[in-house]
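S.K.: Here is a sequence with its predicted model. Questions after.
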Amino acid sequence: MYIYKTKIKLYHTDAANMIFYSNLFNLAYECYEEFLENSNFSVSKIINDGKFLIPVVHAEADYIKPMRLGDKIEIQMALNSAGKSSYKLDYDFYNAVMEKVAHAKTIHVLVGIGDYKPAKIPEKFLECLKKLNK
């Protein structure tokens, strides 16, 4: 599991002072991107190496309690499963008193740069992902 702490900023919210639904995915991606950066697989390194890309092909979320401007949140990211060319990540969002406020899932597929066909997850990258096991 990887833990990312942040707070809800004005641009995350809507006119009702609650997180705008799509911004939950922005926060989840910030957590994912920081995990990769700290694992020596930064997004810019992956893109610049030019061997593969990792688009998100599915995303879903459940909103349990409101998240409002200034709320401190903790995101716990874990590997749900990994196959030959894809993996699923789970994100649990908690408020300052550790109440679960949201849950999100993303599915990522490695694809070749030139042909965009599914590509095998490199062993070192798979090892990195397995550090996220629950």
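M.R.: Received it, and whenever you're ready, just let me know what you need.

S.K.: Check the spacing between Val57 and Ser86 real quick.
M.R.: Taking Cβ to Cβ, to the nearest Å as the measure, Val57 falls 8 Å from Ser86. C-betas here are computed from N, CA, C, even on glycine.

S.K.: again with Ser44
M.R.: Between Ser44 and Ser86 the distance is 22 Å, computed by Cβ to Cβ.

S.K.: longest helix of this structure?
M.R.: For the chain, the helix reaching the highest residue count under DSSP state H is reported as helix 23-38.

S.K.: What's the first helix or strand after that helix?
M.R.: Counting by DSSP states H and E, the element after helix 23-38 in chain order, helix or strand, is helix 43-49.

S.K.: got the CA positions of that following helix in PDB?
M.R.: Presented in PDB, the C-alpha positions along helix 43-49 are these (Å, rounded to 0.1, in the frame of the first residue of the first chain):
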ATOM      1  CA  VAL A  43       5.700   9.300 -15.600                       C
ATOM      2  CA  SER A  44       8.100  11.500 -17.500                       C
ATOM      3  CA  LYS A  45      10.800   8.700 -17.500                       C
ATOM      4  CA  ILE A  46       8.200   6.200 -18.800                       C
ATOM      5  CA  ILE A  47       7.200   8.500 -21.600                       C
ATOM      6  CA  ASN A  48      10.800   9.600 -22.500                       C
ATOM      7  CA  ASP A  49      12.100   6.000 -22.500                       C
END
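
S.K.: Show me what that helix packs onto, helices and strands only.
M.R.: The contact analysis (3 or more Cβ pairs under 8 Å, 6 or more residues apart in numbering; DSSP states H and E) places helix 43-49 against helix 23-38, strand 52-53.

S.K.: that older thread, which one's more surrounded, Ser44 and Ser86?
M.R.: Summary of the neighbour comparison: Ser44 and Ser86, criterion other Cβ atoms under 10 Å, with Ser86 having more neighbours (17 against 10).
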